[in-house]
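Undergrad: Predicted structure and sequence below. I'll ask about it afterward.
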Amino acid sequence: MDAKYIVVSTTFDAREAAEAMAQELVERRLAACAQLTPITSFYRWKGRHERAEEVLLAAKTSAERSQELVDFISRHHPYEVPEILVTPVIGGGEPYLRWLTEATAAAHRE
């Protein structure tokens, strides 16, 4: 992946589960920041049209930590087939991007 920064998104059926995941990702320094947004999803699942109220989690991380973050979500997500999408960040405010790098540095401890 050519991007230096990544946003990983996933959805949950309960805010509590999304909050727990967001907290864990930030505590483990897999994400510098995780944001939650309520959404309504329309999709096809097992041959049926579905509609669900969900919570979208968007986690910002460095490209270096992105696979680790994806693997963590895959192992701990409650869905049978969780949505896990990786979106490259092609630019942004330099101070924010520097902070993102520092906040996800594996060796950095506060």
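TA: Cool, got the structure. Not measured: the values here are computed from a predicted model.

Undergrad: what sits up against stretch 21-35?
TA: With contact meaning Cβ atoms under 8 Å, 6 or more residues apart in numbering, stretch 21-35 is reached by 8, 10, 12, 36, 57-62, 65, 68-69, 72-73, 76-77, 99-100, 103-106, 108. All C-beta atoms are positioned from the backbone trio N, CA, C, and that covers glycine.

Undergrad: Pull the contacting residues for the residue of the chain most remote from its centre.
TA: What lies farthest from the middle of the chain is residue 47; by Cα atoms, centre = their mean that is 27.4 Å. Counting by Cβ under 8 Å, 6+ apart, residue 47 makes contact with nothing.

Undergrad: one step back: weed out the non-buried ones from the contacts of stretch 21-35.
TA: Listed as buried from the contacts of stretch 21-35 are 8, 10, 12, 57-62, 65, 69, 72-73, 77, 100, 103-104; burial here means 16 or more other Cβ atoms under 10 Å.

Undergrad: In helices only, show me the residues you listed.
TA: 65, 69, 72-73, 100, 103 (DSSP state H).

Undergrad: Now residue 42: which helix or strand?
TA: Using DSSP states H and E, the element containing residue 42 is strand 33-45.

Undergrad: got a list of contacts for the strand or helix carrying residue 54?
TA: If you go by DSSP H and E, residue 54 is part of strand 48-62. The contact list for strand 48-62, computed with Cβ under 8 Å, 6+ apart, reads 4-15, 17-18, 21-22, 25, 30-44, 69, 89, 100-101, 104-105.

Undergrad: Quick one: buried ones out of those?
TA: Counted by 16+ other Cβ under 10 Å, the contacts of strand 48-62 give 4-12, 17-18, 21-22, 25, 30-34, 69, 89, 100-101, 104 as buried.

Undergrad: which stretches of this protein aren't confidently modelled?
TA: Scanning the chain with the threshold set as pLDDT under 70 gives 1, 107-110.

Undergrad: What strand or helix carries residue 3?
TA: Using DSSP H and E, no helix or strand contains residue 3.

Undergrad: Correct me if wrong: it contacts residue 92.
TA: No - judged on Cβ atoms under 8 Å, residue 3 makes no contact with residue 92 at a distance of 10.7 Å.
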